[in-house]
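Q: I'll drop the sequence and a predicted model, then ask my questions.
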Amino acid sequence: MTRRRTSELGQKQGRASAFWGLNLALALALAGVPGVTALDNGLALTPTMGWLHWERFTCNVDCVEDPQNCISEQLFMQMAELMVSEGWKDAGYEYVCIDDCWLADERDENGRLVADPKRFPNGIHHLANFVHSKGLKLGIYQDVGNYTCAGYPGSFGYYDIDAKTFADWGVDLLKFDGCYANDFESLVEGYKYMSFALNQTGRSILYSCEWPLYSRPFQEPNYTEIRQYCNHWRNYDDIFDSWSSVKNILSWTASKQENLVPAAGPGGWNDPDMLVIGNFGLSWDQQVTQMALWAIMAAPLFMSNDLRHISPQSKALLQNKDVIAINQDPLGQQGYRLRKEDDFEVWERPLSDLAWAVAVLNHKELGGPRNYALSTNVLGKGLGCAPACNITQILPVKKELGLYEWLSQFKVRVNPTGTVLLKLQPFK
Ligand code: GLA
């Protein structure tokens, strides 16, 4: 199999651009955000929800020493079963996703990808059928460059054949990583080309990119362009199972919010990476913070945890209907940081029906819970409570706070590193 040259990619891309141009009107309608086009595959009209193996199970390929936790078909079948039996599917989590390290070391004689035969003895098509039989969808991972980040065969030179292979297997989502690209141009062209190739298969395959993360060292990402090709895109470093990692993602996102927030909308989302709730690194309050802020950020909700071993408290948080409803709000506008003062941060997100979500995060890691007083006239661009609103506390526990008039004050009490998440609804 000869590798596709960059010039050939360029030619194909010319056709892809014409294709996207023709579909501009439909894309605009789907985007729902005037002037911002989205990938017109009709997918991810609200942020994608599912499970992804990477943070919790990484590249564990040792099924001899660690058969329960290695990357194998058994792991994904177990997760799929639990997603149905333990209420995850009913809560909205739909995609069971394979990350890196599922591949054999070589392609087959026809240049097609092959899953590791020991760890996936029945192959990906069989796994997809199993996942579909549970009413769920299957996600897979590949890379725009010569190798995946963990060193398995990458898609460069094989974009069409890989897209077709995934479609033939019944794959529903592709996470496309950005390691080992030859240069900046082939990275960008490769991301675009794969979008086109997936579309050409005729199968609905959600396209999860890491294009801006890998292109940022070369130039500031053009989100108007990225939205036309990807359903969501990673912007920043990989998440780890730690508070410092969650904090870094939040502060980086706030620092870039002027560019990031307008880019998000139905069909295309900023992806701050997986939920690590239910693992080892976050305290209860920090788990609340991750869930609340991922809802404010309209983030895809991919849990990376072990659904076989998860505390009832973490499970209830991840399945909390009111928080999920904020994350999935059909208006599809991403929230932003409104204020940062005295070790508190206030974030807000506009919701449908003139409602607002508001999160107050206490960053002070000294002492106990602290009160934060807010005046209603600063929220919702000044109008969230005009002339009055009902305020419901959603997290850490649900509580009706009552009716507040414009210009009135209210207080929230927030644990160290925790968040209070509120919903403001106009009084009718
Ligand atoms: C990169 C990605 C991660 C994960 C690993 C797999 O680091 O950003 O999300 O997919 O590669 O190797």
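A: Okay, I see it. Residues are numbered from 1 along each chain as shown.

Q: give me phi/psi at Lys399?
A: Dihedral pair for Lys399: phi -160, psi 130, per degrees, to the nearest 10.

Q: excluding residues flanking it in the chain, which one is nearest it?
A: In space, and not counting its chain neighbours, Lys399 is closest to Gln393: 4.2 Å by C-beta to C-beta, 6 or more residues apart in numbering. Placement of C-beta: from N, CA and C, glycine included.

Q: shouldn't Asp106 be within a helix?
A: Not quite, residue 106 is Glu, not Asp. No: applying DSSP: H, G, I helix; E, B strand; the rest coil, one finds Glu106 to be coil, outside a helix.

Q: which ones are touching it?
A: Applying C-beta atoms under 8 Å, 6 or more residues apart in numbering, we find Glu106 in contact with Val114, Pro153.

Q: circling back to that earlier point, quick check, the residue nearest to Lys399 in contact with Phe410.
A: No: assessed by C-beta atoms under 8 Å, Gln393 is found out of contact with Phe410, at 10.3 Å.

Q: spit out the residues that contact the two alike.
A: Counting by C-beta under 8 Å, 6+ apart, the shared contacts of Gln393 and Phe410 are Leu401.

Q: which residues of the stretch 51-200 of the chain lie near the ligand?
A: Contact residues (C-beta under 6 Å from any ligand atom) of the stretch 51-200 of the chain with the ligand: Trp54, Asp99, Asp100, Thr148, Cys149, Ala150, Asp177.

Q: could you export those residues as TSV, including secondary structure?
A: Converted to TSV, these look like this (three-state DSSP):
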residue	secondary structure
Trp54	helix
Asp99	coil
Asp100	coil
Thr148	coil
Cys149	coil
Ala150	coil
Asp177	strand
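
Q: can you point out the buried residues in the one helix or strand the residue nearest to Lys399 maps to?
A: Gln393 belongs to strand 388-395 when assigned by DSSP states H and E. Going by neighbour count (16 or more other C-beta atoms under 10 Å), the buried part of strand 388-395 is Cys389, Asn390, Ile391, Thr392, Gln393, Ile394, Leu395.

Q: and if you look at stretch 398-414?
A: Within stretch 398-414, the residues scored as buried using 16+ other C-beta under 10 Å are Tyr404, Trp406, Phe410, Val412, Val414.

Q: dump that stretch to PDB, restricted to CA.
A: Taking C-alpha atoms only, stretch 398-414 is exported to PDB below (Å, rounded to 0.1, in the frame of the first residue of the first chain):
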ATOM      1  CA  LYS A 398     -31.300  20.100  45.200                       C
ATOM      2  CA  LYS A 399     -33.000  22.800  47.100                       C
ATOM      3  CA  GLU A 400     -35.600  25.500  46.200                       C
ATOM      4  CA  LEU A 401     -34.100  28.800  47.200                       C
ATOM      5  CA  GLY A 402     -37.300  30.800  46.300                       C
ATOM      6  CA  LEU A 403     -38.300  33.900  44.400                       C
ATOM      7  CA  TYR A 404     -35.800  36.800  44.100                       C
ATOM      8  CA  GLU A 405     -36.400  40.200  42.600                       C
ATOM      9  CA  TRP A 406     -34.000  42.200  40.500                       C
ATOM     10  CA  LEU A 407     -31.400  44.000  42.600                       C
ATOM     11  CA  SER A 408     -31.900  41.600  45.600                       C
ATOM     12  CA  GLN A 409     -29.100  39.800  47.300                       C
ATOM     13  CA  PHE A 410     -28.700  36.200  48.000                       C
ATOM     14  CA  LYS A 411     -25.900  34.100  49.500                       C
ATOM     15  CA  VAL A 412     -24.500  30.700  48.700                       C
ATOM     16  CA  ARG A 413     -22.200  28.600  51.000                       C
ATOM     17  CA  VAL A 414     -19.500  26.800  49.100                       C
END
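
Q: list the contacts of that stretch.
A: For stretch 398-414, the surrounding residues in contact (C-beta under 8 Å, 6+ apart) are 322, 344, 360-362, 369-377, 385-393, 420, 422, 427.

Q: how close does Phe176 sit to Gly139?
A: To Gly139, Phe176 is 11 Å away according to C-beta to C-beta, to the nearest Å.
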